[in-house]
Structures are given as structure tokens and as C-alpha cells.
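>>> No sequence on hand, only this structure:
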């Protein structure tokens, strides 16, 4: 049995099922927010950054990818999954579930995020011994009152001291890539680009998909502190003064973060005096991603990527295959290992099922496997995709989501 006495979770129960203060960015979505996002997520789909390609699409204009939804929050879905104090603890992402309801995100949209803690459990892990897996929900609603998506995030809360003792991650340092290996990696990246651009503006029809079909491989990286910093800065919440509400009314110290990692990240009052002290790239819980010294402090071997970004990689990967007429209806991702500096990330997927549901929606199930160049599993995901049928297109009855048109 787990020794739960080493991880005090007694404060969590009073928060479960209790709505939190909503999160709200000050500014509506800007076109360059979307461009910056796909650049940071290594998503080379011109629908989201090239106005000429987007103008010829079914949307007629540049539109955000579904993964961008998380960038409209003030905590990338983390706040409702970390309420309650766990003394001397730290947090990493453990997974994300998404449900999308149809409306896309456009430049000019302004979303508000409603949050509620969901549940938690404590179990023994090889990484840190007694570990709390805590979940929370974020509902994204646009300025028209339309539900865009529901995100259920899993946070992994643990004692950094125990993680350092267990030394799960042996660290030989950043791998060395030869020029030939890097050139080969760049060549492999063309497979996914060719799949996206080869489909172009045509629909991927439901009847054209069969169980066992493989998606083109998608290669990201090698990652670096520079690329992870680019990810962090693609979240508008990381811009000084950008948030109106949130990310939370509790300080990191009140949540139980260790003294060295608590800081004042997201503290609006401190931000008005010295914004650098509230910047997660410099101080506070998030700096372990970008500063190797603090990565080691929390049990990581070196700089590592963001869990919310890993979830975005999965959504972008399947969305790129589905094409502009398709839509991710839901997804469930479990994160097994972080993406570390120096490593590459490789996504592969295959179709595991096709069906028509009772609402007449044509759905495809895709299994996604995320690994690094050493074949270590970073994430496993299952994604449910909505695709049009030729009959629906001929009859003009195809709609994305729950009967909602995808275009405005």
C-alpha cells in the first residue's frame, strides 16, 4: 500500500466540486497570437499562419487550430487541478482530456474560462513515491455565450525531495546530433508537411478511411531551452499584464510549493511593482522548464517541455491529418515522460475504428503514440475525429460539432 502519510492531501477535499473564479485574458485573440502559437507548437499548417492559403480555405480567413483553445486560459488548464495545499510539493502535468463542441476560435474572439476541481487520488509511483493525481475542469466559453471546449487536466503533485532520491531519470546530458542526423530529421519532417499540404482544401471523407490506416509521422525538435521558451511565450497568459482574472486566488506558497519554487508567479499585485518576479520563465514554479538548476531541484535531469504543449502536439497532429473539413470531437492523452532538451519528439498514429453515431455523425478513432528518438514513450492518446461523408456534403447537411457550423 502507498505510504500516504508522506503526502498530506487533507486540505484537498474542501475544494472538490466548488467553482473557482473564472479566468479571463484582458485582450481578445489577435491574428499574431495564432501565428505565434503554431510556430511554438511546431505545427506547419498554413491554414493558421498564411493568409493566402487560409483565404482559399472553407473558412475564408485565418482561423485558430483547436489546440489554441488552451492558450485562451490564464493557467493552461492547470488551476482547477492544483487547488488545495500539499506541503512541500511540486507539480507536473499528467494528461488532458478534451471535448470540443463546434465553434472555432477566430481573431477578435474573447473567451472566459469557468473552472471546477474534479477529483484526486494518491498512489505510489516510481518517480516520487506517494503521488497525488488531481483533476480539474476548464470550460471555455466565447463572447457569444457558445461553449467552445471542455478540458479536464490531470496534475501530478509530488514531493521533489522524494523524486530526487529515486533518480528515475538518468541524465547523460543533452544528446549530440551529427549534421547528417539533423539533416535526416529535417527530411523526416516533410512527411507530415506533405500530408497536410497534399490534402489541401479537399475534405478527407469518412468513407475513404479504413481501420489500420497510418497517419504520416510528425517529427518535432530537437528541443532546446530556446524552443521551450518559445512555447512558454506563445501562451498570452505569460505576457506581463495580460490577465484580467486568474490564474488563481491562491498563491503558490498557499498551494504548498517548496519555498525555492513558490515565488509570486501570476500575482497581479506584485506584477504592478516588479513584473519579473511574477514571470514564470524567471521565478516561481514554472522556471524548472527553462533553468536546468531548478529542473534538477524538482527531480528532472534538465530542461523539459510543457505538458499542455504536449497535448497540443497531439491535437495538431490529428487535426492536420483530418484536414480543414474535419474536427477533433474529443481526445484523451496520458503523459508518461517529459520532452527534454536535446531530444526529438516523434508522433505516429493509426486509425482504430470508424462508425456513424446515433446523431448521424461520421466518426473515426485514432490512436496516437508519442516517443523520443530513443523510443521512450512520452504520451499515449486516443482521439475521436469528426469527418464529413460525401452524402452529407452533397446534401449540404455536414456540420462540425453538436450541430454547429464550423464557419461564422
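Okay, I see it. On a predicted model such as this, the values are computed, not experimentally measured, just so you know.

>>> which residue ranges form the helices in the stretch 201-350 of the chain?
For the stretch 201-350 of the chain, applying DSSP state H, counting those that start in this stretch gives helices covering 225-234, 252-255, 259-262, 268-273, 292-297, 307-322.

>>> Between these, which one is closest to residue 242.
The closest of those to residue 242 is helix 268-273. By C-beta to C-beta, the value is 9.9 Å. The way it works is simple: take the backbone N, C-alpha and C, and place the C-beta from them, glycine included.

>>> Closest to the centroid, which residue in this protein?
residue 308 (2.8 Å; C-alpha atoms, centre = their mean).

>>> so what's the closest residue to it other than its chain neighbours up against?
The shortest distance from residue 308 to any non-neighbouring residue, by C-beta to C-beta, 6 or more residues apart in numbering, is to residue 76 (3.9 Å). Residue 76 is in contact with 70, 235, 237, 306, 308, counting by C-beta atoms under 8 Å, 6 or more residues apart in numbering.

>>> ok so, going back, can you lay out the helices of the stretch 201-350 of the chain as CSV showing mean pLDDT and distance to residue 360?
What follows is the helices of the stretch 201-350 of the chain, written out as CSV (pLDDT from 0 to 100; distance: least, C-beta to C-beta, whole Å):
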stretch, mean pLDDT, distance to residue 360
helix 225-234, 96, 37
helix 252-255, 83, 45
helix 259-262, 86, 50
helix 268-273, 89, 47
helix 292-297, 92, 49
helix 307-322, 97, 18
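
>>> could those be laid out in a markdown table, adding distance to residue 159?
Below are the helices of the stretch 201-350 of the chain laid out as a markdown table (distance: least, C-beta to C-beta, whole Å):
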| stretch | distance to residue 159 |
| --- | --- |
| helix 225-234 | 24 |
| helix 252-255 | 14 |
| helix 259-262 | 12 |
| helix 268-273 | 26 |
| helix 292-297 | 12 |
| helix 307-322 | 19 |
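
>>> Just name the most buried of these.
Greatest average neighbour count among those goes to helix 307-322 (a mean of 25), per mean count of other C-beta atoms under 10 Å.

>>> For it, what is the distance to the chain centroid?
Mean-position distance between helix 307-322 and its chain equals 8 Å (C-alpha atoms, centre = their mean, to the nearest Å).

>>> tilt between it and helix 225-234?
Put simply, helix 307-322 runs at 90 degrees to helix 225-234, going by axes from the mean of the first three to the mean of the last three C-alpha atoms, to 10 degrees.

>>> all strands for this protein, in order.
Using DSSP state E, the strands found in the chain span residues 23-25, 90-100, 112-125, 129-141, 147-158, 218-220, 243-245, 327-335, 345-356, 362-372, 377-386.

>>> Tell me the buried residues in stretch 177-188?
177, 185 (16 or more other C-beta atoms under 10 Å).

>>> Out of the helices of the stretch 201-350 of the chain, which is closest to residue 201?
Across the helices of the stretch 201-350 of the chain, residue 201 has its closest neighbour in helix 307-322 (13.1 Å, C-beta to C-beta).

>>> counting contacts, what elements does the closest one pack onto?
strand 90-100, helix 179-199, strand 218-220, strand 327-335, strand 345-356, strand 362-372, strand 377-386 (3 or more C-beta pairs under 8 Å, 6 or more residues apart in numbering; DSSP states H and E).

>>> Can you spell out which helices and strands pack onto the first one?
Under the contact definition 3+ C-beta pairs under 8 Å, 6+ apart, strand 90-100 sits against strand 147-158, helix 307-322, strand 327-335.

>>> pLDDT of stretch 40-50, averaged?
Stretch 40-50 shows a mean pLDDT of 98.

>>> start at 44 instead
Okay, residue one is now 44; in that scheme the one you just asked about reads as stretch 83-93.

>>> Need the contact partners of that stretch.
77-78, 80-82, 96-97, 100, 102, 105-108, 110-111, 232, 235-236, 239-240, 263-264, 270, 273-274, 276-277, 352, 355-356, 359, 362-363, 367.

>>> buried set for that stretch?
Result for stretch 83-93 [16+ other C-beta under 10 Å]: buried residues 83, 84, 85, 86, 87, 88, 89, 90, 91, 92.

>>> So which of these is the closest to residue 59?
residue 84 (31.8 Å).

>>> Quick check: residue 307 vs residue 332, distance?
Distance, residue 307 to residue 332, by C-beta to C-beta, to the nearest Å: 17 Å.

>>> and what of residue 52?
25 Å.

>>> Could you look over the helices and strands packed on helix 350-365 and pick the most buried one?
Taking mean count of other C-beta under 10 Å, strand 261-263 is the most buried of the helices and strands packed on helix 350-365, at a mean of 25.

>>> if we can go back for a sec, just name the closest of the contacts of residue 119 to residue 177, please.
residue 351 (15.3 Å).

>>> Report the contact partners of the closest one.
113, 119, 120, 121, 136, 139, 196, 278.

>>> try residue 404
372, 429 are the contacts of residue 404 under C-beta under 8 Å, 6+ apart.

>>> I'd like the distance between it and residue 278.
Relative to residue 278, residue 404 is positioned 32 Å away (C-beta to C-beta).

>>> Likewise for residue 237?
29 Å.

>>> what does residue 231 give?
Where residue 278 is concerned, residue 231 sits at a distance of 28 Å (C-beta to C-beta).
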